[in-house]
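> What follows is a predicted structure for the sequence shown.
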Amino acid sequence: MNPYDSPYDPAYDDESAETAADRLVGSAADGEDQAVEAALRPKELAEFVGQERVREQLDLVLKAARQRGATADHVLLSGAPGLGKTTLSMIIAAEMGAPIRITSGPAIQHAGDLAAILSSLQEGEVLFLDEIHRMSRPAEEMLYMAMEDFRVDVIVGKGPGATAIPLELPPFTLVGATTRAGLLPPPLRDRFGFTGHMEFYAPAELERVVHRSAGLLDVDVDTDGAAEIAGRSRGTPRIANRLLRRVRDYAQVKADGVITREVAASALDVYEVDRRGLDRLDRAVLDALLRLFGGGPVGLSTLAVAVGEERETVEEVAEPFLVREGLLARTPRGRVATPAAWAHLGLVPPQNVGNPPQQGLFGP
Ligand SMILES: Nc1ncnc2c1ncn2[C@@H]1O[C@H](COP(=O)(O)OP(=O)(O)OP(=O)(O)O)[C@@H](O)[C@H]1O
C-alpha cells in the first residue's frame, strides 16, 4: 500500500478548510459574499427555504420558550459551510425578540476572552459561536458551566495565590455552529437542548433560493434559468447566490439582462462551472484519474502531482464534493473513479485492463 494513501474518512467531508480562496464554487464565504449576504439573509423562519425538519423543530422550541416567557434553550447547528447556520442563528434572535452577539471559536483563544463576552451579555441575548469545535480547551471548559448554571469562575492571579471569583450571568441562548458535530466533546454536545443537522439542499429548494435572491437583487430570472443555476450550486445556498450574481453580470453584458436557461448555461460555462457544479479543479482531478491512471487506484500524492496542485488542495478542496457526488471513492489502496465519473466526462472505462475494478464499485 502506498504510505500516502489514507483510508476514506468521513471527517474529510468538510470544506471549511478550503484553501483555493477564489473558487466560484467554494462554499466558504469570501469578502464579496459577506457584503451581499447581509442583504440576502431571510429574516424569519417562514422565509427560510428548505430544512423542513430543523425548521419545524426549532419553531416548536422557540414558540414554547416564548409562551413560557423564558430564554430559549441552547441550540447546536451542524452542517457544511454556506447552508445557513449563521442565518438561522439570526432568525432565532429575531424570533425571540433578542439581540445577537456573533463570534467564533478561533477568536476565543483564552478563557478570559470568553469571560469578557459572557459577562457583557444582556438577559435573553443570543450568543452565536461559529466553528465552536475550534475553541481552546480552557474556554470550552468555562463554557460548560456558563451554559448549565449561567455562572463562570473568573480566575484572578497566578500560581498558588490564584483565586476563583464566581460571576453570575444573565440567562442567554448559546447557538453553536459546527461543520463537524462529531468533533465536539460529549460534555459540550450534551449541554445543548436542541441539535439541528443542516442537510444539503435539493435542487428545487435552491431554485426557490435563487428566485428569492433574484427578487431582492432586482434580477430578472425565469424558471429554467433558476433551475440551471440551482443544478450547478452543489446543494449550497451560498454558492447559488454567488452563481446568480455572476450570471447576472453575464446577462447584463452579453444578453438583454434576462436570465434564461441558455444565458445561465453560457455564463456558467464561461466561469467553468459545469452542469453538475464541478469547476476546473474538480474536473482536472477526475480527468487525471481517468485518463492517466485508468480510473485508479492511485495515491493522493501522485494524483496531486499530475494536476499540479498541493496534496492538501486536492484532498480538502476538490475531493469532498467528488466523493459526495459519487464520482470518486477514497479507498485504502488509493483514489478510484466510479462509473459515474467516466460517464460525466464522456469517457469509456477500459475493460479490466491493468487495474482490476474494486469490488462493490463497479457493478456487474
Ligand atoms: N434556507 C435558506 N434560504 C434562503 N437563503 C439562505 C438559506 N440558507 C442560507 N441562505 C443564504 O446563503 C448565504 C450563506 O448562509 P450562512 O452565512 O447563514 O451560512 P453558514 O452555514 O453560516 O455558513 P458558514 O458556516 O460558512 O458561516 C446567506 O446569504 C443566506 O442568505
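Looks like it came in fine. Numbering: from 1, shown residues only.

> quick one: furthest residue from the center of the protein?
residue 161 (45.1 Å; Cα atoms, centre = their mean).

> residue ranges for the strands of the stretch 151-300 of the chain, please.
151-156, 163-168, 173-178, 194-197, 220-221, 258-259 (DSSP state E, counting those that start in this stretch).

> State the distance from the residue farthest from the centre of the chain to the ligand.
42 Å (Cβ to the nearest ligand atom, to the nearest Å). Every residue, glycine included, has its C-beta placed from N, CA and C.

> rewinding a little: which stretch among the strands of the stretch 151-300 of the chain comes nearest the ligand?
Proximity to the ligand (Cβ to the nearest ligand atom) singles out strand 173-178 among those, at 5.9 Å.

> Can you tell me which of the strands of the stretch 151-300 of the chain is packed in deepest?
strand 173-178 (a mean of 26; mean count of other Cβ atoms under 10 Å).

> in terms of contact count, name the helices or strands touching that strand.
strand 75-78, helix 85-96, strand 126-130, helix 137-149 (3 or more Cβ pairs under 8 Å, 6 or more residues apart in numbering; DSSP states H and E).

> Now with 7 Å, please.
Counting contacts by 3 or more Cβ pairs under 7 Å, 6 or more residues apart in numbering; DSSP states H and E, strand 173-178 is packed against strand 75-78, helix 85-96, strand 126-130.

> From the chain's centroid, how far away is the longest one?
How far helix 85-96 lies from its chain's middle: 17 Å, per Cα atoms, centre = their mean, to the nearest Å.

> Kindly report the same for the last one.
In terms of Cα atoms, centre = their mean, the gap separating the centre of strand 126-130 from the centre of its chain is 16 Å.

> Use 5 as the first number from now on
Yes, from this point I'll number from 5; that puts the last item at strand 130-134.

> Quick one: list the elements packing against it.
helix 89-100, strand 104-108, strand 177-182.

> quick one, it and strand 104-108 angle?
20 degrees (axes from the mean of the first three to the mean of the last three Cα atoms, to 10 degrees).

> Quote the end-to-end distance of stretch 166-182.
Using Cα to Cα, to the nearest Å, the end-to-end distance of stretch 166-182 comes to 34 Å.

> cool, stretch 295-312 as well?
15 Å.

> Among the helices and strands packed on strand 130-134, show me which one is buried the most.
Stretch with highest mean neighbour count among these: strand 177-182 (a mean of 26; mean count of other Cβ under 10 Å).
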